[in-house]
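Visitor: generate a structure from the sequence data that follows.
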Amino acid sequence: MATRKFLGWPAARQLASGDWLGRGPAVTSPRTESLKSRTTTADRVVQSVCPYCAVGCGQRVFVKDEKVVQIEGDPDSPISRGRLCPKGSASEQLVNSIGRQTTVLYRAPRATEWQNLDLATAVDMITDRFLEARRKGWQDTDDQGRQVRRTMGIASLGGATLDNEENYLIKKLFTAAGAIQVENQARI
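Guide: Alright, predicted model coming up:
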């Protein structure tokens, strides 16, 4: 019994197992050996792009039961080569936060309360307002008579939480609509 207790000490296990530096099985407890990484229990791994800035670091998103359980850097990404900044490393919290808004909220002009809207109604409202602002602000010619075919009624300020492809499509959409005030927070 005394020998078993003595070999239970980490230093004695180091000597007995030949793990001289104490970096292997000599210092691993039974509890540690029973633990499994969230990445090994995931149902699938999805490649994605970090949502925080315009760099476009690659991410591996580990999904279990249709819920994100872990996000890590993608070593196959030529941009980040498996590395993520602190914000990118914490992007799992963006997805799973209990404070994340998952419904469309609308507050009518001069109202004091928010109301829930279904997505189709919200998209229709945005579309109507976009087209009306474009129509009201449309200019065929400038002050000197030059043809400009643009609208001064709409503008876009993109955010760094969109990836490069989304920002590219937004730029194309607003340019096709005639907007000339198109900017992005990541460029500012």
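Visitor: pLDDT averaged over the lengthiest helix in the chain - what is it?
Guide: Determined from DSSP state H, the single longest helix within the chain is helix 119-136. Average pLDDT, helix 119-136: 95.
Visitor: C-terminal to the one helix or strand residue 31 maps to, what's the next element?
Guide: Here residue 31, judged by DSSP states H and E, is contained in helix 30-34. Next in sequence after helix 30-34, counting helices and strands by DSSP H and E, comes strand 44-49.
Visitor: quick check: next helix or strand after that following strand?
Guide: Per DSSP H and E, the first helix or strand lying C-terminal to strand 44-49 is strand 58-64.
Visitor: going by neighbour count, list what's buried in that following strand.
Guide: 58-62 (16 or more other Cβ atoms under 10 Å). For glycine as for every other residue, the C-beta is placed from the backbone atoms N, C-alpha and C.
Visitor: can I see the domain layout of the chain?
Guide: 2-34, 44-96, 102-136, 137-188 (automatic domain parsing).
Visitor: confidence score at the residue positioned nearest the centre of the chain?
Guide: Centroid-nearest residue in the chain: residue 51, 3.3 Å away (criterion: Cα atoms, centre = their mean). Turning to residue 51, the model gives it a pLDDT of 80.
Visitor: wait, it sits on residue 92?
Guide: No. With contacts counted by Cβ atoms under 8 Å, residue 51 stays clear of residue 92, the gap being 11.4 Å.
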